[in-house]
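Peer 1: Need coordinates for the below:
(one chain, ligands or ions: 2)
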Amino acid sequence: MSELIREVKTAVIRRRGFHTHIRGLGLDENGRALFVGDGLVGQVKAREAAGVVVKMIKEGKMAGRGVLFVGPTGSGKTALAIAIAKELGEDTPFVDIDASELYSAEVKKTEVLAQALRKAIGVRIREMRTVYEGYVKDIKIRRVKHPYNPYVFIPREASITLATTDDQVTLNVGQSVVEQLIEKNVRRGDVIWIDSETGMVNIIGRTEVEGARKYDIDVYKKIEIPKGPVKKQKEIVRTFTLYDLDLNFALRKASIFSIFGFEIEREIDPELRKQVDEMVKKLVEEGRAELIPGVLFIDDVHMLDIEMFSFLSRAMESEMAPIIIMATNRGITKIRGTDQDSPHGMPLDLLDRVLIIPTYPYNRDEIREILKIRASEEDIQLDEKALEELVDIGEKTSLRHAVQLMEPARIIAKTKGREKVSVEDVREAAQLFMDVKHSVEHVKKYEELFLR
Ligand SMILES: Nc1ncnc2c1ncn2[C@@H]1O[C@H](COP(=O)(O)OP(=O)(O)OP(=O)(O)O)[C@@H](O)[C@H]1O
Ligand SMILES: [Mg+2]
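Peer 2: Ligands and ions are numbered 1, 2, ... in the order given. Below is the predicted model:
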């Protein structure tokens, strides 16, 4: 496996801004929702349903199926999807897109969807590799004059002595390894392993041998001096997404056909994806890899058009499909690209395959709790009346609007020399900024004037 492939680290969560307070679903050990838990408030049934979905995902019972959150705007659909991601943890790939993002001018819309689907599937690959592992007892890097510029010296080769409590090996290594040693800043006392074939260098920790560096804050943990032989077999586990593997295949192909650099193709050939799938399937059959189906979250799913919906349905049927979580605030509406009305603007065959979780508008108590949590998250102090005013606004317009007014209200208070936001500041902010319902009415009124 080449080093060009990136590793999957954590669930990437965009649109964090409004949802930073959410840490999970806030369920107890019996799967019951606490009124307030993990930053979530109320919406008890939907949270418990989401908890069941998380269990199904973890037990592998959701592959190729979907979930659809349905409810009015500001009722926490996006918040719940993010809470699911948090519950699944960092090992499960979670990809988050907004259906409207798929209409990019540069790339075919089904291609963006295909890439998102591929990013949502992880492959954990196990390999036995022959490595040299030990602590760095000595390292000498030899530099030579640059071939064109004699004033510049470049590292060319190194001799590095790796030791364990029982063994010691001195290796002479060439330029590509030297570059990694320099880039990773490998020093005496570091415990590293070097892959005997690819030359890949990995730091795993530090020992406190003589001459080792000491830092007050260190990203590497202190470890014991390794035991046994320096040259040995080591099982290495790495996680990639199918998309990473696609890119890697594409790059390798490209490098065969062009000598002077190459451009990554914007669109990945479906044939190539098939080859990647075949390779992965073979690895899984041989017990050298396992699939980790992740989650693709498609927000505002009614924005997909019929072509993308059919693509999605087909993808869900394939063996390597992620779990699809969708959200919409639309009732009966036209499926984009057709004249056909359908529930949530989605084709019926797709609706047949999803579990639908409804979300309901919040009552005053819930709105108040959510606003309190957001206020503390954004470090905004509200006096009691200001909070009640925001609750009123949340009830009359939308929770989203009330959440969004908090920061302007804080700034207004600040210009008046106050840290605490008062009811006047909230009212002033509410006069300056409109909620969506009123902004639509606003332009409509003027449109009518213009048309006369
Ligand atoms: N139950 C909840 N507990 C805590 N915070 C919540 C809850 N529900 C929603 N929020 C917060 O309220 C705001 C609005 O909710 P969210 O964006 O999830 O609504 P939505 O249903 O996705 O709306 P839309 O249909 O407009 O996309 C966000 O900041 C969200 O984090
Ligand atoms: Mg939303």
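Peer 1: Burial check on the residue in the stretch 301-450 of the chain that ligand 2 sits nearest to, number of neighbours?
Peer 2: Proximity to ligand 2, evaluated over the stretch 301-450 of the chain using C-beta to the ion, is greatest for Ala327 at 5.7 Å. Where C-beta positions appear, they are placed from N, C-alpha and C, glycine not excepted. Residues contacting Ala327 under the criterion other C-beta atoms under 10 Å number 27.
Peer 1: Could I get the phi/psi values of it?
Peer 2: Note on Ala327: backbone dihedrals following degrees, to the nearest 10 are phi -140, psi 140.
Peer 1: before we move on, what about the one 5 residues further on?
Peer 2: In this entry, Ile332 is assigned phi and psi values of phi -80, psi 130 (degrees, to the nearest 10).
Peer 1: and the helix or strand hosting Gly394, which residues are buried?
Peer 2: In this structure, Gly394 is located in helix 384-396 according to DSSP states H and E. Of the residues in helix 384-396, those buried by neighbour count under the rule 16 or more other C-beta atoms under 10 Å are 386-391, 393-395.
Peer 1: Also stretch 155-167?
Peer 2: Using 16+ other C-beta under 10 Å as the burial criterion, the residues of stretch 155-167 that qualify are 158, 160-164.
Peer 1: and the residues you listed as JSON lines, adding secondary structure?
Peer 2: As requested, the buried residues of stretch 155-167 are exported to JSON lines (DSSP: H, G, I helix; E, B strand; the rest coil):
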{"residue": "Ala158", "secondary structure": "strand"}
{"residue": "Ile160", "secondary structure": "strand"}
{"residue": "Thr161", "secondary structure": "strand"}
{"residue": "Leu162", "secondary structure": "strand"}
{"residue": "Ala163", "secondary structure": "strand"}
{"residue": "Thr164", "secondary structure": "coil"}
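Peer 1: Not counting the helix holding Gly394 itself, show me its contacts.
Peer 2: 362, 364, 367-368, 371-372, 375, 382, 401-403, 405-406, 409, 420-423, 425-427, 430 (C-beta atoms under 8 Å, 6 or more residues apart in numbering).
Peer 1: again with stretch 156-168
Peer 2: Counting by C-beta under 8 Å, 6+ apart, the neighbours of stretch 156-168 from elsewhere in the structure are 132-144, 169-175, 177-178, 181, 186, 192, 194, 225-230.
Peer 1: Report the buried members of those.
Peer 2: Neighbour-count burial (16+ other C-beta under 10 Å) is assigned, among the contacts of stretch 156-168, to 132-137, 139, 169, 173, 177-178, 181, 186, 192, 194, 226, 230.
Peer 1: So what's the residue count around the closest residue to Glu267 other than its chain neighbours?
Peer 2: Leaving out its chain neighbours, the residue that sits closest to Glu267 by C-beta to C-beta, 6 or more residues apart in numbering is Glu111, at 5.0 Å. Burial measure for Glu111: 17 neighbouring residues, criterion other C-beta under 10 Å.
Peer 1: so Glu111 touches Arg273, yeah?
Peer 2: No: counting by C-beta atoms under 8 Å, Glu111 sits too far from Arg273 to count as a contact (10.9 Å).
Peer 1: got the contact list for the residue of the stretch 301-450 of the chain found nearest ligand 1?
Peer 2: In the stretch 301-450 of the chain, no residue comes nearer to ligand 1 than Asn329, which is 3.6 Å away by C-beta to the nearest ligand atom. Contacts were defined as C-beta under 8 Å, 6+ apart; by that measure Asn329 touches 70-73, 75, 77, 300.
Peer 1: helix/strand/coil for Gln275?
Peer 2: helix.
Peer 1: what residues are up against it?
Peer 2: Taking C-beta under 8 Å, 6+ apart, one finds Phe249 in contact with Gln275.
Peer 1: Relative to Glu267, how far out is it?
Peer 2: Counting by C-beta to C-beta, to the nearest Å, the gap from Gln275 to Glu267 is 16 Å.
Peer 1: do the same with Glu59
Peer 2: When C-beta to C-beta is applied, the distance between Glu59 and Glu267 equals 35 Å.
Peer 1: before we move on, what about Tyr362?
Peer 2: Remark: distance between Tyr362 and Glu267 (C-beta to C-beta) = 43 Å.
Peer 1: So which of those two has more stuff around it?
Peer 2: Between Tyr362 and Glu267, counting by other C-beta under 10 Å, Tyr362 is the more crowded of the two (23 against 14).
Peer 1: Quick check on that one: phi, psi?
Peer 2: phi -90, psi 150.
Peer 1: ok, now Val136?
Peer 2: With angles defined as degrees, to the nearest 10, Val136 shows backbone torsions of phi -80, psi 110.
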